[in-house]
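Q: Based on what follows, work out the 3D shape:
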Amino acid sequence: MELTTMKTRTEKHPSTHLRGLKLAALALGSSLVLAGCAGKPPTEQYAVTQSAVNSAVSAGGTEFAAVEMKAAQDKFKQAEIAMHDKKYDEARRLAEQAEWDARVAERKAQAAKAQKAVQDARQGVKDVREEGLRSAE
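A: Take a look at the predicted model:
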């Protein structure tokens, strides 16, 4: 029986393959982290806030809730600037605050209008009573 040597192929540096894999994983992980930091623009929140501000203006927020309305409009402007500067977390936070300020302004305006309507109704009832009393005399 003759002994033959079998040639096997061994990699001279098995760590080079592993090192390449680690580098690829590191590059992929870094790009995901950077993409996560950039975030995505809060376009939906921005649209909701814009709608809330418009509703508050339509409800009379500038007349009946001037402080809250100004706060909402100022924060909305700041959110626009943050969006432009790609500071999306700040833009989202400011847009949410502006939305709530606008909702408060809208509710205050609605409440003030309702209160005025009640006062007008009471005055109308009082006028009718007085007229009724005069005609009874």
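Q: low-scoring stretches of this structure, by residue?
A: Under the criterion pLDDT under 70, the flagged ranges of the chain are 1-38.
Q: try 80
A: Along the chain, the parts satisfying pLDDT under 80 run over 1-38, 136-137.
Q: what about the helices in it?
A: Per DSSP state H, the chain has helices spanning 14-38, 43-58, 61-64, 66-84, 88-136. These are given in chain order.
Q: who's in contact with the second one?
A: In this case it means helix 43-58. Surrounding helix 43-58, the residues in contact under the criterion Cβ atoms under 8 Å, 6 or more residues apart in numbering are 65, 68-69, 72-73, 76, 79, 83, 91-92, 95-96, 98-99, 102-103, 105-106, 109. In this view, the C-beta of every residue, glycine as well, is placed from N, C-alpha and C.
Q: ok, back up a step: make a markdown table from the helices of the chain and add mean neighbour count to it.
A: Rendered in a markdown table, the data for the helices of the chain read as follows (neighbours: other Cβ atoms under 10 Å):
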| stretch | mean neighbour count |
| --- | --- |
| helix 14-38 | 10 |
| helix 43-58 | 17 |
| helix 61-64 | 20 |
| helix 66-84 | 18 |
| helix 88-136 | 15 |
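Q: if I pick Q123, what's in contact with it?
A: Q123 neighbours (Cβ under 8 Å, 6+ apart): none.
Q: With A112 as the reference, measure out to it.
A: Using Cβ to Cβ, to the nearest Å, one gets 16 Å for the distance from Q123 to A112.
Q: likewise A47?
A: A47 sits 27 Å away from A112, going by Cβ to Cβ.
Q: Thanks a lot, catch you later.
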